[in-house]
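S.K.: Here is the input, now give the coordinates:
(chains A and B)
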Amino acid sequence: MKIKAKLKKGIVSVKAMAKHEMMTYDVAEKKTGDRNNANYITHISGTVNGETVLDMTTSQFLSKNPIFKFDFKGDTFKAGDELVMTWVDLKGNTETSSTDIK
Amino acid sequence: MERRQFLSLTLGALALAVVPASVRAENYRETKPTVWKAHTVEDAMQALYGSTTTIEKGVKLTAPDVASNGGAIPVDFSTDLDIKSIAVFQNVNPESAVLAISTNKYSVNDYSIKMKMKKSGTITVVAQGTDGKLYSASKTLDVALGGCEG
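M.R.: Numbers count the residues shown, from 1 in each chain, chains lettered A, B, ... in the order given. Predicted coordinates for the structure are as follows:
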């Protein structure tokens, strides 16, 4: 996952891109003949110093290689703190990436 | 003996089923699995919030009037309300729910995503206020090239 996090005026703005096929059931059926081959990210979380700052449950209808932005309050965090983001997909694969807040 | 085994197995299974949900504050795929199988916005909203009555204010939703690529439609949504969660639905894909975010004290509630739509339709964003009421915003858009075929 590519992540950028910037602290400005007490707000941390995050831009992230997860690399994932995000295959819907329809596409799975069309391309592989089996709906059960569908696979997509089902949950994305973000934490800083153990505190949850993003808790997002997702479906197959996010774009391929989904890009998303979110903000969170940065009063209790500072530049240099590490933002850790993890996604889990339908097949149970998981990927964790991190970046320092700038 | 058989009964005892049955009981212990059942209790074990229950314990396993309960643990992940309590570890993660609100993973809606575990706590509300029916949301993701609902075919209409109303059914999905009912499954997630237990109500389909919304107040159409307080939520801001920005999406293009015409999306050239249905595979990656940029959608921005935000709210200044005090909320517990916010979710995105649409009415043209096989299932209705796109995502649901569980918010907490750190949330600023200003999000941008890219989503898929099969054809022209309506996107609805619903926020659940801490007052228990549902606030929503909708946007109908034209999709030039459907995005569910990959």
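S.K.: Can you show me the helices along chain B?
M.R.: B:2-23, B:28-31, B:41-49 (DSSP state H).
S.K.: tell me the contacts of the residue nearest the centre of chain A?
M.R.: Centroid check for chain A by C-alpha atoms, centre = their mean gives A:Ile44 as the closest residue, at 4.4 Å. For A:Ile44, the contact set (C-beta atoms under 8 Å, 6 or more residues apart in numbering or on different chains) comprises A:Ala18, A:Leu54, A:Met56, A:Thr58, A:Phe68, A:Met85, A:Thr86, A:Trp87. Any C-beta I mention is one placed from the backbone N, CA and C, and that applies to glycine too.
S.K.: Widest-spaced pair of those residues?
M.R.: Greatest spatial distance in these: A:Phe68 and A:Thr86, 14.1 Å, computed using C-beta to C-beta.
S.K.: Now do the residue nearest to B:Val66 when sequence neighbours are not counted: how many residues are near it, please.
M.R.: Closest residue in space to B:Val66, ignoring its immediate chain neighbours: B:Asp142 at 4.6 Å, by C-beta to C-beta, 6 or more residues apart in numbering or on different chains. Using other C-beta atoms under 10 Å in any protein chain shown, B:Asp142 has 14 other residues around it.
S.K.: again with A:Met85
M.R.: A:Met85: 21 neighbours (other C-beta under 10 Å).
S.K.: what helix or strand does it sit in?
M.R.: strand A:82-89 (DSSP states H and E).
S.K.: Output that strand as CSV, nothing but the C-alphas.
M.R.: This file holds the C-alpha atoms of strand A:82-89, laid out as CSV (Å, rounded to 0.1, in the frame of the first residue of the first chain):
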residue,chain,number,x,y,z
GLU,A,82,3.9,6.1,12.4
LEU,A,83,0.6,5.5,10.6
VAL,A,84,0.1,1.8,10.2
MET,A,85,-2.5,0.6,7.7
THR,A,86,-3.7,-2.9,7.1
TRP,A,87,-6.1,-4.4,4.6
VAL,A,88,-7.7,-7.8,4.6
ASP,A,89,-9.4,-9.4,1.6
